[in-house]
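J.: can't give you the sequence, but here's the structure:
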């Protein structure tokens, strides 16, 4: 017998139903290739003031509006960064 | 202002009012036989493209207008500011230049554009006394470059000298090389101008004292002064720098600004040089403003005179200077005198000096003139094929010999480029990712981490850079160099900064995987969070957004505090990504019994101790509570804050005097006999006695008639022991 319930009542989302998601917009962050690099950046006092959180070992959240300052500080540290979607 | 002209008619005709455009089109199309287009601008362009129709219009013009047109047809590449055009026609002995130009504008043979952006042109009249910045610009109507019949030049009279020998011309690369360098400088740091429209001192030094920009030309019959400022003037004239407030930014890419063809680029440089106003050949010998402004028409006249010479002749400085003194108003008896041109002797000397500096200096570098150095001091100049092309002549330009392997990349990261094989494309590409070191007979560049980084920022990839070096070098570049370029490029990829992105937070990993399968593009940074570069938008078809947080507008209260004051519940609908990270810094996560319901955190002495060790302050925590819960921290949380901050308490024995009446305590504190005997007041009816003054207090109380009672009764000569006293 074919399944006509479409998944309702089974605790599963019916096939094709839209996926619930929470969207966080206008987020500024740094994605690093190495967790040790994150430690290095967080150890820099001036930079850590602009980092408001560590989402994962390799992702640091930047205080909104501070991305350009972070890039400048990275340059002063001798790091080159790939600024994604820079306008 | 004079600038290189666009062939597109729209920037011009769109500025005409509909009434003016209609009238001009009607007049221009009066002899046209072709089917009349509906749009006025199309009708005008159509009419001007017909040789027959244009010929008939010219036949109806008076002599002055015909001569004026013959002059403008020799400057097809440039636009003329009104005052420059009048000066030019006056110098060419055209009678009533104003009326002649009016007539050409009315017939549509010349086009006009207001100088102020957004302004509409409603008539062709130009009032006297308009400030320079309000003067309109005119140019030869674009279609006429194909349809104008031959007209004899109205300017005659330059007598040249017949000469044979080895004429030489510059390769024309000096200006493009220096402009590429200036573009690079401005890319790193915009050029700033003051409100008086002069360069900031910092930028004056950066440009005027740059050793590469100021380096003398390699092949230079006559040295030019202030080459840095000349390069800057050319950049401004040619539109390479866009002004925004007090800063000038370079065009995003030289490819957008420069024609790809070398000949076109050289012609553009020549057109720009003619119009340069904030630099002049005589430097500090003449005032820059008014004199430089007059020189646009003088430069064109010199080219024009050279163009009128027979092929076998050249002109000397003396011949050209004499002509300048006869015709060009600032030098003639009729023109308004400017600065040092007031004295006749100085004027004659400066005319010769200016001609020499212009023809054998700045003009020679464009490749527009050829010179013959005779050895007896009378050097001659004539137009090169490039110069003739600039004046609208159909001249076949010489084929440049191919020069493969023009570039040599060395293991020490230096790149040598031989000028013989230089191309616009190579110069443009090298300007992006190589640091120039010398600009001479051969150009040397250095490739460093910094220069590669700038190249990557400009959109080049490591492979493109290596390909460029190999393509123009004709062989593989040294392994060390290619490895360095790749390593520097990879290092950049280790840190990716997203100034503005969207994070999609799913309930589970399977939801995230499902969304990716359905086409949502991004990078998973956790099991549940997908990073999407840029703004959220296009690919939301398969998603149901439960909530959306905009991080650019700050946070809103999204934490509820339990009755105990130390348990914090997250409001998932309002919370943001930062919240949990913030909470983890000073609170511990609480396991949910059912696995459902809001996430919960709890403040503990340990968690707060950890936070303070990491550098958080109590004031930060208080501010966090106000921002995230909308209220000040509750007392139990305050208690934990202070405990964590190692708040100190003291336990000690005190002698306390208690009264039945609050007024009695007030009186004892105020009365001079007893006031000095107390340390402090514990409450309305309790005072702490100064230990050394207990006997004095007892005496004073007895004298006042106060009965003393109680366990800790005060005794003459001392206090009871600690065990007997009241704590």
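T.: Happy to help now that I have it. Just so it is clear, the model here is predicted, and its values are computed rather than measured. Numbers count the residues shown, from 1 in each chain, chains lettered A, B, ... in the order given.
J.: longest helix anywhere in chain B?
T.: helix B:288-307 (DSSP state H).
J.: following element in sequence after it, please.
T.: strand B:313-316 (DSSP states H and E).
J.: pick out the residue of chain A closest to chain B.
T.: Per C-beta to the nearest C-beta, residue A:53 is where chain A lies closest to chain B, at 3.1 Å. Every C-beta, even on glycine, is put in place using the N, C-alpha and C of the backbone.
J.: contacting residues around that residue?
T.: Contact partners of residue A:53, counting by C-beta atoms under 8 Å, 6 or more residues apart in numbering or on different chains, are A:60-61, B:577-578, B:581-582.
J.: let's see that with 10 Å instead.
T.: A:29, A:59-63, B:577-585 (C-beta atoms under 10 Å, 6 or more residues apart in numbering or on different chains).
J.: list phi and psi for it.
T.: Note on residue A:53: its backbone torsions stand at phi -180, psi 160 [degrees, to the nearest 10].
J.: what sits closest to it if chain neighbours are left out?
T.: Nearest non-adjacent residue to residue A:53, counting by C-beta to C-beta, 6 or more residues apart in numbering or on different chains: residue B:581, 3.1 Å away.
J.: right, and the one you found touches residue B:587 too?
T.: No: with contact defined as C-beta atoms under 10 Å, residue B:581 does not reach residue B:587; the gap is 11.5 Å.
J.: give me the more crowded residue out of these two.
T.: residue B:587 (24 against 16; other C-beta atoms under 10 Å in any protein chain shown).
J.: apart from its chain neighbours, what residue comes closest to the more buried one?
T.: Spatial nearest neighbour of residue B:587, chain neighbours left out: residue B:601 (3.9 Å); criterion: C-beta to C-beta, 6+ apart.
J.: ok so, going back, pull the contacting residues for the residue nearest to residue A:53.
T.: By C-beta under 10 Å, 6+ apart, the residues touching residue B:581 are A:51-55, A:60-61.
J.: residue boundaries of the helices in the stretch 401-550 of chain B?
T.: B:424-433, B:449-457, B:462-473, B:479-494, B:509-517 (DSSP state H, counting those that start in this stretch).
J.: A helix includes the residue nearest to residue B:587, no?
T.: No: counting by DSSP: H, G, I helix; E, B strand; the rest coil, residue B:601 falls outside a helix, being strand.
J.: beta-bridge partners for it, please?
T.: Applying DSSP bridges to residue B:601 gives these bridge partners: residue B:568, residue B:589.
J.: list the contacts of it.
T.: Taking C-beta under 10 Å, 6+ apart, one finds B:559, B:566-570, B:579-580, B:582-584, B:586-590, B:607 in contact with residue B:601.
J.: so how do I select the buried members of the residues you listed in ChimeraX?
T.: Only the buried members of the contacts of residue B:601 enter the following ChimeraX selection, criterion being 16 or more other C-beta atoms under 10 Å in any protein chain shown:
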select /B:559,566,567,568,569,570,579,580,582,583,584,586,587,607
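J.: if you count neighbours, what's buried in the longest helix of chain B?
T.: Per 16+ other C-beta under 10 Å, helix B:288-307 contains these buried residues: B:288, B:291-307.
J.: mean neighbour count and mean pLDDT added to the helices of the stretch 401-550 of chain B, as TSV?
T.: What follows is those, written out as TSV (neighbours: other C-beta atoms under 10 Å in any protein chain shown; pLDDT from 0 to 100):
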stretch	mean neighbour count	mean pLDDT
helix B:424-433	22	92
helix B:449-457	20	88
helix B:462-473	18	93
helix B:479-494	16	92
helix B:509-517	16	89
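J.: output these in a markdown table, with distance to chain A appended to each entry.
T.: What follows is the helices of the stretch 401-550 of chain B, written out as a markdown table (distance: least, C-beta to the nearest C-beta, whole Å):
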| stretch | distance to chain A |
| --- | --- |
| helix B:424-433 | 13 |
| helix B:449-457 | 5 |
| helix B:462-473 | 12 |
| helix B:479-494 | 4 |
| helix B:509-517 | 5 |
